[in-house]
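1. Mind folding the following:
(one chain, ligands or ions: 3)
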Amino acid sequence: MATYFVLICPLFVIVIILLVVAYMMRNNNYWKKRGVSYLNPKPLFGNIFSIFIWKSSLHQFLRTIYEENMEPFFGIFFLDQPVLVIKDLTLMKHILVQDFEFFQNRSMGINENHDPIGSKIYFFSQMPYWKKTRKEVSSLYTSSKLKTQFKVLQFNCEQLTDAMKTKITNKGSVFDVKQLTKKYTINVIIAAFFGIKADCFENDQNVFLKVSEGLMNWKAIWHAIQASYMFIMPNYVKSFHISFLDKASTDFFREFTWELINIREKCGRKNNDLIDILLELKHKQNIKNHNTYESDVLAAHVCQVFAAGYESSSTTIALSLFELAKNFKCQKLAREEIVAFLEKYGEITYFNIQYLKYSKNCISETLRKYPTLAFLDRRCTKPYRLPGTNLVLEKGQAVYFSNWGIHNDPRYYPNPSQFDPDRFTEENIRQRPDFSYLPFGHGPRNCSGQRFATLSSVMALANILYNFEIRIPEGGSDTVKFITKGTLLQPVNGIHLEFIQISNNV
Ligand code: HEM
Ligand SMILES: *[C@@H]1O[C@H](CO)[C@@H](O)[C@H](O)[C@H]1NC(C)=O
Ligand SMILES: *[C@@H]1O[C@H](CO)[C@@H](O)[C@H](O)[C@H]1NC(C)=O
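-> Ligands and ions are numbered 1, 2, ... in the order given. As a prediction, this is how the structure comes out:
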């Protein structure tokens, strides 16, 4: 009996392994059968082994294959799942805008049971929920809201530059500016959308700084892994209990949302922000109980604005400072602009910020080199013939784009590693094809916070340049290395720069 077992056991294991491998390879001819050029898949992992062992992030992988393959579109495999990568800008325009009705879903998988708040964030969500919830809060992102939000930016820019001044001893000092721009963007989001003060600069133990560690911190390995697995193995998200929010963050957003609602109800004053909208939804739907489906939708709105709001913006501001430290001529031009501007207008307002053209172009150029959300994804929701081809995409087909690859493609941006804000003068923009610039995506599912993010970044940049000269510290690297985990561009060790206070302005 025992010998029988010794013989049969390994055989059994081998058969199981072979069955699994065969199952995972069942689609390997998918692109070949359709006459689409494709990257040869490896057993089990398809083409994404490097992402699995954290040698590469999804966005780095997509940029690399964008650069290595010359076809307008080509097939790859995420494990056993065929994925289409599109390089051609005209096809992108079709999918993201003209034929959007075929591509309203994102490609990612979400886990409704284990991730009750994360799965209701409309960034991650699918039709028909996506359309309904995006509409619920669309009034938050209008010009009239931006006008009232602007005073929040003015106040917090002062806090930001004050905090930087206290870090400066003697002439100049080196510090990680990303930590401070993160405090700025958290303060700004909390004040502009929730109507309360976050005081990140006063208090390092601030609850929002703590929660942020559970959301967008790719140094937290398990969190970073889960965030990218939602994209690369959407079909397995449920079986492996993968979620975007952990239990602590889920609890926090549930409690925090009701706290905001209760405070607002008691004071009875309208503040023209997200909480007003949530109150209206609460009354309309008669939501009374915590932790119900309906109340989790409200909490997801709060979580979404917070999560989407601070990380990419603070990285963008810090990276723009880094590039201006490296490119001193551009820094000088930007500073001259803000000095002349303040002489003329006295202060920056919602109405005159448009004249800070060069600073705005510095932010645009930063987002070209480093689109902090460095890939775009959609999923086909009904059969779609790719224009100009005979290829019919099936319902459920995942489609990816590398905005990072496009932004660094010398066909559109000669000498792409060179930082040059003048690429964004109106004249130079006109020279480039449509869809060659997509830091905020495009079409009906584009970034909701695009204008808010741009305004808050230009404001911070102008205020910092007015107060400080910025240099690359001695022995500091002049390239940025990004974390190879997670789903956003995140510098490995923050952004360390030397800041020298400019006294003749004070
Ligand atoms: C520099 C800062 C930011 C960058 C680079 C950025 C980039 C992006 C990108 C690339 C997308 C995907 C768009 C697409 O698939 O077409 C996106 C979606 C989104 N962003 Fe941003 N974002 C930034 C800041 C913000 C801010 C400040 C907010 C909110 C206050 C925000 C809210 C959102 C939301 C809600 C979505 C989901 C849109 C949807 O699926 O319908 N973002 N963002
Ligand atoms: C979008 O995805 C969801 C969830 O996977 C699915 O139930 C739905 O049918 C898709 N939407 C459309 C319009 O196909
Ligand atoms: C972004 O989305 C909004 C609708 O949510 C739309 O009005 C706007 O035109 C879109 N912008 C771009 C550049 O696609």
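2. Only the buried residues of the longest helix anywhere in the chain, if you could.
-> When the chain is scanned for its longest helix (criterion: DSSP state H), the result is helix 293-326. The neighbour-count check on helix 293-326 (16 or more other CB atoms under 10 Å) flags 295-326 as buried. Backbone N, C-alpha and C define where each C-beta goes, glycine included.
3. Restricting to those residues, which residues neighbour ligand 1?
-> Gln304, Val305, Ala308, Gly309, Ser312, Ser313, Thr316 (CB under 6 Å from any ligand atom).
4. Same list, the residues you listed, but as TSV with pLDDT please.
-> Formatted as TSV, these follow (pLDDT from 0 to 100):
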residue	pLDDT
Gln304	95
Val305	95
Ala308	91
Gly309	87
Ser312	95
Ser313	97
Thr316	98
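5. Nearest to Ile483, out of these: which one, please.
-> Among those, Ser312 lies closest to Ile483 (CB to CB), at 13.8 Å.
6. Isn't that closest one up against Ala374?
-> No. Contact status for Ser312 versus Ala374: not in contact, 9.9 Å apart, counting by CB atoms under 8 Å.
7. Quickly list what's touching both of the two.
-> Residues touching both Ser312 and Ala374 (CB atoms under 8 Å, 6 or more residues apart in numbering): Leu488.
8. where does the stretch 1-150 of the chain dip in pLDDT?
-> The model of the stretch 1-150 of the chain has pLDDT under 70 over residues 1-2.
9. Can you tell me how far the nearest residue to Arg106 once chain neighbours are set aside is from ligand 2?
-> Nearest residue to Arg106, sequence neighbours excluded (CB to CB, 6 or more residues apart in numbering): Asp377, at 5.5 Å. According to CB to the nearest ligand atom, to the nearest Å, Asp377 stands 13 Å off from ligand 2.
10. repeat for Lys247
-> Here Lys247 is placed at a distance of 24 Å from ligand 2 (CB to the nearest ligand atom).
11. Repeat that for Ile429.
-> Here Ile429 is placed at a distance of 34 Å from ligand 2 (CB to the nearest ligand atom).
12. State the three-state secondary structure for that residue.
-> Here Ile429 is recorded as helix under DSSP: H, G, I helix; E, B strand; the rest coil.
13. pLDDT at it, what is it?
-> Note on Ile429: pLDDT of 97.
14. That one: neighbouring residues, count only.
-> Using other CB atoms under 10 Å, the number of residues around Ile429 comes to 13.
15. Run through the residues that contact it.
-> By CB under 8 Å, 6+ apart, the neighbours of Ile429 are Arg423, Tyr437.
16. Same question for Met92.
-> So Met92 contacts Ile86, Phe401, Phe435, Leu438, His442 (CB under 8 Å, 6+ apart).
17. Would you mind listing what in this protein touches ligand 3?
-> So the chain meets ligand 3 at His442, Gly443, Pro444, Asn446 (CB under 6 Å from any ligand atom).
18. Quick check: phi and psi at the closest residue to the third one other than its chain neighbours.
-> The one in question is Pro444. Nearest in space to Pro444, with sequence neighbours left out and distances taken as CB to CB, 6+ apart, is Phe100 at 5.4 Å. When read as degrees, to the nearest 10, the backbone of Phe100 gives phi -60, psi -30.
19. Surely Phe100 and Arg445 touch.
-> Yes. At 7.3 Å, Phe100 counts as touching Arg445 under the criterion of CB under 8 Å.
20. more crowded one of those two?
-> Higher neighbour count among Phe100 and Arg445: Arg445, with 21 against 16, using other CB under 10 Å.
21. Am I right that the more buried one is in contact with Gln104?
-> Yes. The pair Arg445 / Gln104 is scored as a contact, 7.1 Å apart, by CB under 8 Å.
22. Find the residues that touch each one of these two.
-> Taking CB under 8 Å, 6+ apart as the contact rule, Arg445 and Gln104 both touch Trp130, Arg378.
23. Centroid-nearest residue for this structure?
-> The centre of the chain sits closest to Leu373, judged by CA atoms, centre = their mean, with a distance of 3.8 Å.
24. Thanks a lot, see you next time.
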